[in-house]
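> coordinates only, no sequence provided:
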């Protein structure tokens with residue numbers, strides 16, 4: 001039970017934030033890091049003619065915090081944390097051991113610690129996946145410290161699987177490094193990690209970069225400067241002593257990765273509290289006045305751009321947060337400095353010289369612009385950032401990532417807050433004519449997915465990842481969702497989830513730290529944690545109304561898909577889902593509809609789309625498959641695959657029009673046209689083509705026709721093929737995957753044409769399903785193009801989900817290729833069988849209009865007998881598919897493991913996970929169509 005009111009707690013938080021504030025150094029509450037502690041412990045100074053360790057308390061802190069396994073940082077989940085937080089102390093242990101030996105002191109205890117630390121470091125390096133590491137400068141810092149260890153002791157040579165990948169990144173980065181760049185007046189981020197340039201730079205030439213004794217607020221970099229500069233610097237020594245006393249270690253010897261962080265922690269605390277619903281009057285007092293003055297004065301002194309502390313390199317995060325805070329406090333400072341310093345062609349960079357853009361930095365910049373009273377003045381920047389954020393979300397595979405926080409909920413909360421505010425302003429005509437309808441749909445989809453996936457990921461205890469801070473992020477996201485019209489049908493699960501999360505937070509008495517913020521190593525901040533918790537609780541106590549999102553929402557479409565789906569939810573895949581989870585996927589489908597409608601006319605004209613199935617239901621089949629197992633494949637993938645499904649149906653319609661057109665020229669003409677379009681014929685396909693001979697049916701047809709010329713057929717089929725083969729991902733796919741796609745497109749076109757002519761003749765005995773020259777099953781699955789869409793998927797995955805820069809075969813080994821080919825045929829067969837079984841009425845219809853699709857079962861005249869027979873065969877096909885898929889998984893993992901490459905293993909696993917979405921989509925659609 002809370003003793004103080006939330007407003008009282010928020011004011012107390014401001015007091016704690018400023019409790020150790022120093023007018024000269026500022027403040028900082030980042031947690032201690034063994035890596036920086038180790039570097040400070042290595043500083044020596046000649047005192048009375050004798051070289052002495054200047055900060056022995058730091059070395060004692062390392063000894064006290066070494067784990068039983070020999071490493072440090074057991075509380076962090078990032079691999080790089082354990083590696084750097086063990087490598088740094090190992091270097092300190094080794095040098096201290098050498099000093100003891102030189103002074104003829106006992107080294108047995110320290111040698112034992114060195115052995116344990118060495119074993120721990122080797123073990124951690126052995127399982128390191130470099131490709132997933134995103135911490136600041138790791139590609140420079142890790143090779144540098146490993147090199148120092150090897151020079152310190154030749155036995156400390158570390159060979160590990162990821163070494164080549166690491167050195168490749170390292171060498172690419174260092175090829176652009178010029179020491180002279182650090183000697184000028186410009187402050188570069190490399191100044192934060194000077195310990196990584198020992199032996200590569202002249203430390204005497206960087207003295208002018210010292211700010212109040214520190215090298216860009218980095219204790220390890222400052223320690224390296226003291227150790228390797230020719231002249232001693234008392235100001236740097238004083239800085240380190242202040243860090244030891246007033247940093248997170250509080251005189252214990254522990255050292256943080258950065259100090260001070262005045263702007264960072266003041267702006268984050270204030271902006272978070274304001275966003276949660278606290279007002280300046282709630283927080284009024286001496287502390288709020290002091291923080292306001294700190295930010296206001298720095299904004300003026302540093303010309304409208306701030307770093308994480310006064311005098312440090314400016315970044316868009318701290319600048320944007322300061323603008324937002326000062327706006328709430330009644331000071332509408334100009335964002336012009338932010339624009340001039342950080343704006344580039346497609347986004348805002350975090351700092352000058354940044355190579356990889358940050359989602360959260362851009363979200364903070366967006367929020368700063370949206371706070372401006374005349375936001376239309378900055379519509380160009382708002383549009384640019386919005387496009388970047390949506391593209392970033394749409395390209396994210398799995399849960400979104402950002403380089404400043406390990407938890408995916410952190411970029412999600414900033415993204416949602418910015419885009420919800422933006423949608424509100426659009427709907428209130430504050431940005432007239434700036435955003436197209438297509439862009440608004442993309443915004444709505446991004447918001448909904450970020451909120452709905454957060455809702456879906458809540459643990460049974462009400463938390464997210466059993467973490468206070470992460471649960472607070474999630475609560476802030478869900479409270480934004482309560483503002484949205486397209487969450488109207490999900491208000492109950494939203495409110496229930498919020499209540500469970502609040503209960504979880506209030507039940508935690510031991511507020512442990514979450515090491516989820518990213519620096520050289522991961523760190524925690526009790527100030528930020530408490531700010532997010534208080535903001536989340538305040539927001540949860542004041543539910544907003546459904547004020548935003550009606551312009552992109554259709555209740556009628558929601559009801560139409562809902563009625564359609566829930567009457568046909570027999571699929572076993574639905575059984576693991578609650579009704580609200582199904583509802584959420586329906587909402588997502590409705591939001592996708594405007595984009596899919598636009599795509600439905602990119603190849604064929606509208607007249608050939610009249611019988612395309614309900615687009616919302618088609619979208620739902622992909623979305624529910626993606627959401628069911630929390631796969632969260634990229635939106636670009638969902639969009640492209642849904643489009644390919646639409647085109648498969650439209651191709652059916654188009655081919656029927658060709659078959660019905662008496663002026664086209666009959667079966668030989670369409671077959672030859674397809675062959676000409678597809679280019680060279682393989683021998684295997686030649687034999688099949690003869691068995692696919694199309695019948696001239698024009699004379700036997702009756703009814704009205706759409707006249708279609710040879711030229712029109714060529715144009716539309718070329719468009720169809722180009723939609724696949726000229727796709728950007730296909731261009732970067734391997735030759736094998738592209739060739740397979742080409743072959744299956746050819747076969748698919750011929751099959752669609754054959755089915756059109758067969759349907760026109762309506763002659764079961766003339767069906768060609770059993771007469772193909774190649775060993776293919778009957779075309780149960782060809783009606784929705786499952787075979788060529790599968791190989792289209794392979795091209796996408798091969799281009800994006802293979803090691804390095806991609807472009808390898810989706811399935812690299814012969815065994816994988818064979819099993820994948822078998823599996824896709826089985827999926828197609830199961831799809832068609834499930835479609836036939838969906839209802840007795842449709843079985844009868846299918847038997848009359850597509851009787852070649854279940855030709856083997858036509859001898860059973862009774863519907864019940866046919867269904868029983870198909871059920872038995874379907875059971876066999878499902879068992880066969882399960883076996884094929886398990887063999888494929890085993891083969892793919894085996895190939896990846898043989899490569900001794902963690903990235904290859906991870907990407908192989910991910911490809912198979914997305915492949916499951918494809919398989920699930922086929923099963924879902926066959927049940928609900």
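Right, received. Where do you want to start? For clarity, every value in this text was computed on a predicted model and none was experimentally measured. Residues are numbered from 1 along each chain as shown.

> going by C-alpha atoms from here, please, whenever you check contacts or count neighbours.
Fine.

> all helices of the stretch 451-600 of the chain, in order?
Secondary structure of the stretch 451-600 of the chain (DSSP state H, counting those that start in this stretch): helices at 468-481, 491-507, 526-541, 555-566, 579-599.

> give me the contacts around the second one.
By that I understand helix 491-507. For helix 491-507, the surrounding residues in contact (C-alpha atoms under 8 Å, 6 or more residues apart in numbering) are 1-2, 455, 458, 461-463, 468, 471, 475, 478-479, 481-482, 533, 537, 540, 580.

> also the shortest one?
The contact list for helix 555-566 (C-alpha under 8 Å, 6+ apart) reads 583, 586-587, 590, 616-617, 928.

> okay, the residues you listed in JSON lines with pLDDT, neighbour count and distance to residue 801 next?
Putting these into JSON lines (pLDDT from 0 to 100; neighbours: other C-alpha atoms under 10 Å; distance: C-alpha to C-alpha, whole Å) gives the following:
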{"residue": "583", "pLDDT": "91", "neighbour count": "20", "distance to residue 801": "31"}
{"residue": "586", "pLDDT": "91", "neighbour count": "26", "distance to residue 801": "28"}
{"residue": "587", "pLDDT": "94", "neighbour count": "31", "distance to residue 801": "29"}
{"residue": "590", "pLDDT": "92", "neighbour count": "29", "distance to residue 801": "29"}
{"residue": "616", "pLDDT": "84", "neighbour count": "25", "distance to residue 801": "29"}
{"residue": "617", "pLDDT": "84", "neighbour count": "23", "distance to residue 801": "28"}
{"residue": "928", "pLDDT": "65", "neighbour count": "21", "distance to residue 801": "31"}
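
> just the element for the most centrally placed residue in the chain, please.
The centre of the chain sits closest to residue 400, judged by C-alpha atoms, centre = their mean, with a distance of 2.7 Å. Under DSSP states H and E, no helix or strand contains residue 400.

> how about it: what's its closest non-neighbour residue?
Among residues not flanking residue 400 along the chain, residue 408 sits closest, at 5.4 Å (C-alpha to C-alpha, 6 or more residues apart in numbering).

> so that neighbour touches residue 397, yeah?
No: using C-alpha atoms under 8 Å, residue 408 is not in contact with residue 397; the gap is 11.8 Å.

> picking that back up, check contacts around the residue nearest to the centre of the chain.
Per C-alpha under 8 Å, 6+ apart, neighbours of residue 400: 393, 408, 411-412.

> you'd agree residue 658 is up against residue 710?
No: applying C-alpha under 8 Å, one finds residue 658 not in contact with residue 710, separated by 9.3 Å.

> more neighbours, those two?
Each of residue 658 and residue 710 had its neighbours counted (other C-alpha atoms under 10 Å), and the higher figure belongs to residue 658 (27 against 14).

> and the gap between that one and residue 752?
The gap separating residue 658 from residue 752 is 11 Å, by C-alpha to C-alpha, to the nearest Å.

> try residue 287
Residue 287 is 73 Å from residue 752, by C-alpha to C-alpha.

> now swap in residue 582 and tell me
33 Å.

> what do you get for residue 669?
From residue 669 over to residue 752 the distance is 15 Å, taken as C-alpha to C-alpha.

> which of these two has more residues huddled nearby?
Neighbours per residue, other C-alpha under 10 Å: of residue 669 and residue 752, the larger number sits with residue 752, 23 against 14.

> surely that one is within a strand?
No: Residue 752 is assigned helix when assessed by DSSP: H, G, I helix; E, B strand; the rest coil, not a strand.

> next one, pLDDT for it please.
Looking at residue 752, its pLDDT stands at 80.

> leaving out the residues flanking it, which one is nearest to it?
Residue 752 sits nearest to residue 652 (C-alpha to C-alpha, 6+ apart), 5.9 Å away.

> gap between that neighbour and residue 581?
Between residue 652 and residue 581 the computed distance is 33 Å (C-alpha to C-alpha).

> looking at the two, which has the bigger crowd around it?
residue 652 (24 against 21).

> show me how to select, in ChimeraX, the buried members of the contacts of helix 491-507.
Remark: buried members of the contacts of helix 491-507, expressed as a ChimeraX selection using 16 or more other C-alpha atoms under 10 Å:
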select :455,458,462,463,468,471,475,478,479,481,482,533,537,540,580
